[in-house]
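Peer 1: what follows is a predicted protein model with its sequence.
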Amino acid sequence: MAFAYKFESAEILGAPMTFLDLGIGETVLLGHSYLWDAEMWRPQIETLARHYRVIVPNLWGHGGSGPLPADTRDLRDIARHHLGLMDRLGIERFAVLGLSIGGMWGAELAMLAPERVAALALLDTYLGPEPQLSRDKYFALMDAIAGAKRIPETMLDVIVPLFFAPATASKTPALPAAFRVKLQNWDPARLMDSVLPIGRMLFARRDARDDLRSLPMPKLVLTGSEDIPRPVHEGQQMAAILECPFVEIRDAGHISTLEAPEPVTDHLVRFLADALGGNQMARRSAG
């Protein structure tokens, strides 16, 4: 199904970043997963945009966004790029909801500008270092993709199941099938100049756990009970560090926003209603 919303574009460090800008009110910035795009948030956008101004950017090389800007070194730089987008839009204060790499750069953004981030929700993400075994596995996959300049079928068989609960293939087969087609059709130039470099930044990320302890805003952590790359114990550890509630989303894998859209949306609406000053419309929607 085609995404019905119209994307806008802003130039950040000489490259176009595409984004959705929907609704009115206090602002919520959504960060999507690696290898996905803004459409990953479709169910939540439809609810949140009734109560808030919702900004949903596409990561460099993903969706319609341009190439990774030169001299981008790590996820903190990517956080600065998204802060630059908010500057371009004249948005001073906003909540951040991020899944996977979207939560990683979202948390880095909150650490860079805590006075501007009104609330932070982290979904299926982890700000500790990548465990060595999975780090080696992911780097080997990326090296093989770089050599092929595409994502071969044999690698799709490995990559696609990582993003979903095991039961998703039988319960909602269209979801992993559509993701597989998207990966098959990825533009080789964008794959090489943006997607793989970002992947290497993702899996070689710094250990930011100690820095998280100082974040003053309301926080929430959610993790799918069947998440393979970011298992439940990592989410529990994040919540303990942040001293915030932890929610385990039953029967969901890494892309919990699409695998369990109703409970994820409900928890986020309740969180934002409390964190952004008690939006009564949002409270009624969540109730």
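Peer 2: Okay, I see it.
Peer 1: what about the strands in the stretch 151-287 of the chain?
Peer 2: For the stretch 151-287 of the chain, the strands defined by DSSP state E, counting those that start in this stretch cover 219-224, 246-249.
Peer 1: can you redo these as CSV with distance to Ala208, mean pLDDT and mean neighbour count?
Peer 2: (Glycine included, C-beta is placed from N, CA and C.) As requested, the strands of the stretch 151-287 of the chain are exported to CSV (distance: least, Cβ to Cβ, whole Å; pLDDT from 0 to 100; neighbours: other Cβ atoms under 10 Å):
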stretch, distance to Ala208, mean pLDDT, mean neighbour count
strand 219-224, 14, 98, 26
strand 246-249, 18, 98, 19
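Peer 1: make TSV out of the ones you listed and add distance to Thr168.
Peer 2: Compiled in TSV, the strands of the stretch 151-287 of the chain are given as follows (distance: least, Cβ to Cβ, whole Å):
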stretch	distance to Thr168
strand 219-224	10
strand 246-249	13
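Peer 1: looking at these, spot the one closest to Tyr138.
Peer 2: Each of the strands of the stretch 151-287 of the chain was checked against Tyr138 via Cβ to Cβ, and the shortest separation belongs to strand 219-224, namely 18.9 Å.
Peer 1: contacts for the closest one?
Peer 2: The list of residues contacting strand 219-224 from outside it, by Cβ atoms under 8 Å, 6 or more residues apart in numbering, reads 119-124, 165, 230-232, 234-236, 238-239, 242-249, 251-256, 259-260, 264, 267-268, 271.
Peer 1: could you redo the last one with a cut-off of 7 Å?
Peer 2: For strand 219-224, contacts defined as Cβ atoms under 7 Å, 6 or more residues apart in numbering pick out 120-124, 165, 230, 232, 235, 238-239, 242, 244-249, 252-254, 256, 259, 264, 267, 271.
Peer 1: ok, of those, which come out buried?
Peer 2: Applying a neighbour-count criterion of 16 or more other Cβ atoms under 10 Å, the buried members of these are 120-124, 165, 230, 232, 235, 238-239, 242, 244, 246-247, 249, 252-254, 256, 259, 264, 267, 271.
Peer 1: below-threshold pLDDT in the stretch 151-287 of the chain: ranges please.
Peer 2: Applying pLDDT under 70 to the stretch 151-287 of the chain picks out residues 278-287.
Peer 1: helices of that one, start to end?
Peer 2: Counting by DSSP state H, counting those that start in this stretch, one finds helices in the stretch 151-287 of the chain at the ranges 153-162, 168-171, 174-184, 188-190, 196-203, 209-212, 232-242, 256-259, 261-275, 280-286.
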